[in-house]
Structures are given as structure tokens and as C-alpha cells.
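Undergrad: would you be able to build a 3D model of this:
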Amino acid sequence: MAMDQSEKIGLFSVGINSSLVLIKVILAYISGSIALLADAIHSLSDVISSATVLAGIKISKRKSSRFPYGLFKVENLVCLISSLFIFFAGYEIVQTVLFREESLKPEFLPYAMAGVLVTMAITFVFSRYELREGKKIGSPSLIADAQHIRTDMFSSAVILCGLLGGLFHWPLDKVAALVVVVLVFKSGVTIFLDAIRVLLDASLDFESMDKVKSAILSHPQVTAIHSLRGRNSGRFKFIEADIGLRVRELERAHHVSQQIEAEISKSVPNVDRVLIHYEPEKKETRVYAIPLEEDKVSLSNHFGEAPYYYIVQVREKDRSIIEERILTNPYKDEEKGKGLKVSKWLLQQSVDTVYNSKSLEGKGPGYVLSDADVEIVVTERKRLANILQELQNGSEKEDQNARAG
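TA: Residues are numbered from 1 along each chain as shown. Alright, predicted model coming up:
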């Protein structure tokens with residue numbers, strides 16, 4: 001089976017760190033630097049860490065009946081282990097630079113310093129590459145490994161200061177060591193806390209949750225988000241939402257939920273699973289929209305060009321009017337697409353039923369309104385008062401038989 005990008009980078013990381021160990025052992029041998037030898041041991045810990053990352057990536061892909069949601073969190077467990085390697089690296093730097101004596105060979109120090117600079121360049125270039133690729137594919141273990149490898153560059157800088165101090169008999173290594181140890185432990189604490197947060201099923205970051213919320217609310221059928229939860233598992237995200245839908249049929253609700261799931265997966269990277277709980281909205285009121293002419297009492301014959309819209313909210317139980325408004329049609333003077341724009345505008349007014357003098361079947365506004373489960377009633381009534389009388393008397397059924405869908 002071909003390796004994916006994360007596995008290739010993990011294997012590359014093992015090779016790079018193994019090469020660094022070999023280079024540092026050779027430099028330690030020719031220069032007599034105990035610090036370089038300790039740094040080689042530090043790089044050996046990087047090899048172990050990178051190998052652990054590679055194993056974690058492979059294991060995280062497996063699923064079984066005992067682990068139906070996969071082993072994605074193995075990657076976060078690897079991050080936790082990597083953070084412990086970083087803590088060990090910081091301790092090792094302190095032990096090597098501050099407490100061990102060195103038997104340097106001055107004639108070979110320039111070669112050793114040049115070699116250390118080469119290892120720093122290798123570490124810098126590869127850690128940036130691994131960090132970039134890790135963020136691109138959303139792999140926490142690769143990101144943690146890149147940050148871990150970068151600590152090797154800091155320790156090499158400390159060693160370089162020690163070698164430079166050996167040339168001029170300056171104790172620069174002790175001051176530099178304190179600075180580097182702080183940076184090393186800061187990196188370790190960040191990785192450790194991030195890993196713990198995911199392992200304990202903390203919520204997704206605010207940016208991801210905001211994208212999920214926007215994707216859900218972009219559908220006109222959604223009336224409310226009752227609850228929204230998300231968590232990480234390795235590089236993958238699991239999202240669960242409980243929403244209310246303005247639909248009357250369960251089949252239609254299921255179709256809308258599938259659209260929402262697809263939109264979430266498109267908006268947020270590395271989503272493994274989206275679970276939508278939905279229920280048709282149970283409304284005690286219903287909002288009606290009626291297009292009116294300039295006199296505000298006659299039904300308009302033009303859906304998109306109607307000068308005004310009468311919006312009325314009616315209580316379903318006793319058919320009483322709760323609120324009524326006459327709104328100016330903001331799109332009546334548009335040259336193109338006025339019907340579509342009006343239909344979307346009516347959805348923003350939370351309209352449930354639209355009265356019209358002509359059928360909208362097969363037309364753009366009809367598709368928009370029907371897709372949002374808005375009822376379209378074709379009526380022969382010409383006066384607003386007659387339609388209101390029907391609404392209050394509950395006698396609109398005869399017109400609903402001529403509905404255009």
C-alpha cells in the first residue's frame with residue numbers, strides 16, 4: 001500500500017535525525033566536546049520521537065469493531081509523548097552545558113563550529129518544511145515533531161556558543177543555555193496542553209465552530225441551532241448539531257440535513273464525521289406575505305415588481321392577527337433577477353406562506369421558496385381584505401388546492 005504524505009514526511013524525519021546523530025558523533029570525536037556528544041544523544045531522542053510519530057500516523061488509520069471511531073487520538077497521544085521528549089531535551093541541555101566539563105581540542109574547534117552550523121541549517125530547513133506540511137494536512141503529530149526538531153536547533157546554538165567560548169575562554173554557554181531552556185520548555189508545555197485538551201475531548205477552536213455555525217445557518221430551512229458540539233481526534237474533526245428545520249416532511253428534513261453536512265465538510269478541513277439531529281419546527285404562529293399594489297389594498301399581479309408586501313403573523317390556534325406590517329419591496333426597480341431577490345428577502349422575513357395571483361411553478365422564485373419549504377398559494381382574490389378574512393376564518397383550503405408548489 002502506498003504511503004500518504006504524512007507517512008512520507010514521518011519517514012523523512014527519521015532519516016534526517018539519524019543523519020544528524022551521525023554528524024554530531026563525528027564532530028564530538030574530532031573536537032573532544034562532551035557537549036557535542038550530549039547533543040548527539042539529544043538528536044538520538046529526536047530519532048526515537050520521529051519514529052514514534054511515524055508509528056502513530058500508521059496506527060491512527062486503523063479501525064476495528066472495538067474502536068469504531070478509529071484510533072485517531074493515537075496521534076495526540078504521540079504529541080503528548082513528544083512533549084515529554086522536549087522536557088527531557090531541556091533538562092539535557094542544562095546538564096550538558098552548565099554542569100559538565102569539556103576537554104576541547106582547540107585546533108579542531110573551527111571545524112566543529114562549521115559542522116554545527118551545517119546541522120543548524122539542516123534542522124531549520126527541515127523543521128519549517130515539516131511544520132508547513134503538517135499544518136497543510138492537519139496532522140498534530142507532524143506539527144509537534146517539527147517543533148521538537150526545532151529545539152535541536154536551539155540546543156545546537158548553545159553548543160556553538162560553548163565552542164566559541166572555548167576559543168576565547170568566555171563563559172557564554174551558561175547565559176545562552178538559560179534562554180534556550182526557557183524556549184524549550186515553553187514549546188513542550190504548549191504541545192503538552194494541546195494534546196491533553198484533545199485527549200479530554202475539549203471543544204473545537206472558535207474559528208472552526210464559527211465556520212460550522214455559518215454553514216448551518218446558510219440554509220434557509222434552518223430556524224434554530226439548539227446545540228452545537230465539536231471535538232478533535234488526531235487531525236480529524238467530529239461535529240454534532242441539534243437543529244430546528246422549517247419543513248413538514250421527514251424525507252425533506254433528511255435531504256436538508258445531508259446538504260448541511262456536505263456544506264460543513266466543505267467549509268471546515270479534515271472533518272471525519274458530521275451528525276445532524278433535526279426535528280420539524282412546531283410553530284404556534286404562521287407568517288404570510290401578500291404582494292400589494294401602490295394603493296396598498298389591491299393584490300399585485302407581479303411577484304417581483306410589487307411595490308409593497310403585506311407581512312402578517314397569525315396565531316394558528318385561533319387565527320388571530322399578532323402583528324402586521326407593510327414593507328416596501330427593496331428590489332422592485334432591479335433590472336434583472338428581481339423575483340429571486342424578492343424571494344430571498346421574504347425568507348429573511350421568516351415567511352411561511354406566500355400568496356400570489358399567478359403560479360410560480362417552474363420559475364426561479366418558486367424554486368427558492370419551495371426549497372425553503374415555504375408554501376405558495378395561488379389566489380383569485382384581488383383585495384387584501386378578502387384574503388385576510390380567509391386567513392382569520394381558516395377558509396383558505398379552496399385556494400390551496402390550486403397551489404403551485
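Undergrad: care to break the protein down by domain?
TA: 5-199, 206-280, 285-400 (automatic domain parsing).
Undergrad: take those and write them to a markdown table, including mean pLDDT and mean neighbour count.
TA: For glycine as for every other residue, the C-beta is placed from the backbone atoms N, C-alpha and C. Listed next are these as a markdown table, based on pLDDT from 0 to 100; neighbours: other CB atoms under 10 Å:
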| stretch | mean pLDDT | mean neighbour count |
| --- | --- | --- |
| domain 5-199 | 75 | 19 |
| domain 206-280 | 83 | 17 |
| domain 285-400 | 86 | 17 |
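Undergrad: how about the residue nearest in space to the middle of the chain, what does it touch?
TA: In the chain, the C-alpha nearest the mean C-alpha coordinate belongs to residue 208, at 3.4 Å (CA atoms, centre = their mean). The contact partners of residue 208, taken as CB atoms under 8 Å, 6 or more residues apart in numbering, are 230, 237, 268.
Undergrad: what bridges to the second one?
TA: As for beta bridges, residue 237 partners with residue 232, residue 271 under DSSP bridges.
Undergrad: my guess is it contacts residue 204. True?
TA: Yes. Counting by CB atoms under 8 Å, residue 237 touches residue 204, with 6.2 Å between them.
Undergrad: quick check: neighbours shared by those two?
TA: The contact lists of residue 237 and residue 204 share 230-231, where a contact means CB under 8 Å, 6+ apart.
Undergrad: which parts of the stretch 251-400 of the chain are helices?
TA: Under the criterion DSSP state H, counting those that start in this stretch, helices of the stretch 251-400 of the chain are mapped to 338-348, 364-371, 384-393, 397-400.
Undergrad: any chance of a markdown table for those helices, columns distance to residue 86?
TA: As requested, the helices of the stretch 251-400 of the chain are exported to a markdown table (distance: least, CB to CB, whole Å):
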| stretch | distance to residue 86 |
| --- | --- |
| helix 338-348 | 52 |
| helix 364-371 | 53 |
| helix 384-393 | 70 |
| helix 397-400 | 69 |
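Undergrad: of all these, which one is nearest residue 182?
TA: helix 338-348 (53.8 Å; CB to CB).
Undergrad: neighbouring contacts of the closest one?
TA: Here helix 338-348 has contacts from 220, 289, 303-306, 309, 329-332, 334, 354, 363-365, 368-369, 372, 374, using CB under 8 Å, 6+ apart.
Undergrad: residue 152 is in contact with residue 20, correct?
TA: Yes. Using CB under 8 Å, residue 20 is in contact with residue 152, at 7.0 Å.
Undergrad: what's the residue in the chain sticking out farthest from the centre sitting at in phi/psi?
TA: Farthest-out residue of the chain from its mean C-alpha position, per CA atoms, centre = their mean: residue 107, at 55.1 Å. Residue 107 adopts backbone torsions of phi -70, psi -20, taken as degrees, to the nearest 10.
Undergrad: and it, how far is that from residue 25?
TA: 19 Å (CB to CB, to the nearest Å).
Undergrad: now residue 166
TA: For residue 166, the distance to residue 25 - CB to CB - is 19 Å.
Undergrad: and residue 105, what is it in contact with?
TA: Contacts of residue 105 by CB under 8 Å, 6+ apart are 30-32.
Undergrad: try 10 Å
TA: Residues near residue 105 by CB atoms under 10 Å, 6 or more residues apart in numbering: 30-33, 111-112, 166.
Undergrad: taking those residues one by one, which sit in helices?
TA: Counted as lying in helices by DSSP state H, out of these, are 30-31, 111-112, 166.
Undergrad: and these, which is closest to residue 322?
TA: residue 112 (84.9 Å).
Undergrad: double-check that closest one against residue 156; I have them as touching.
TA: No. Using CB atoms under 10 Å, residue 112 is not in contact with residue 156, being 11.2 Å away.
Undergrad: find residues that contact each of the two.
TA: Contacts common to residue 112 and residue 156, judged by CB under 10 Å, 6+ apart, are 24, 36.
Undergrad: ok so, going back, as CSV, the contacts of residue 105 with distance to residue 349 would be great.
TA: CSV is the format used below for these (distance: CB to CB, whole Å):
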residue, distance to residue 349
30, 81
31, 79
32, 82
33, 77
111, 79
112, 76
166, 79
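Undergrad: between the residues you listed, which is nearest residue 51?
TA: residue 33 (26.4 Å).
Undergrad: measure the closest one to residue 108 for me?
TA: Separation of residue 33 from residue 108 (CB to CB): 9 Å.
Undergrad: just residue 125 next, same as before
TA: Noted for residue 125: a distance of 26 Å to residue 108, by CB to CB.
Undergrad: for residue 330, same thing?
TA: With CB to CB as the criterion, residue 330 and residue 108 are 81 Å apart.
Undergrad: I'd say residue 92 and residue 155 touch.
TA: Yes. Using CB under 10 Å, residue 92 is in contact with residue 155, at 7.9 Å.
Undergrad: quick check, residue 23 in a helix?
TA: Yes. Applying DSSP: H, G, I helix; E, B strand; the rest coil, one finds residue 23 inside a helix.
Undergrad: nothing else from me, thank you.
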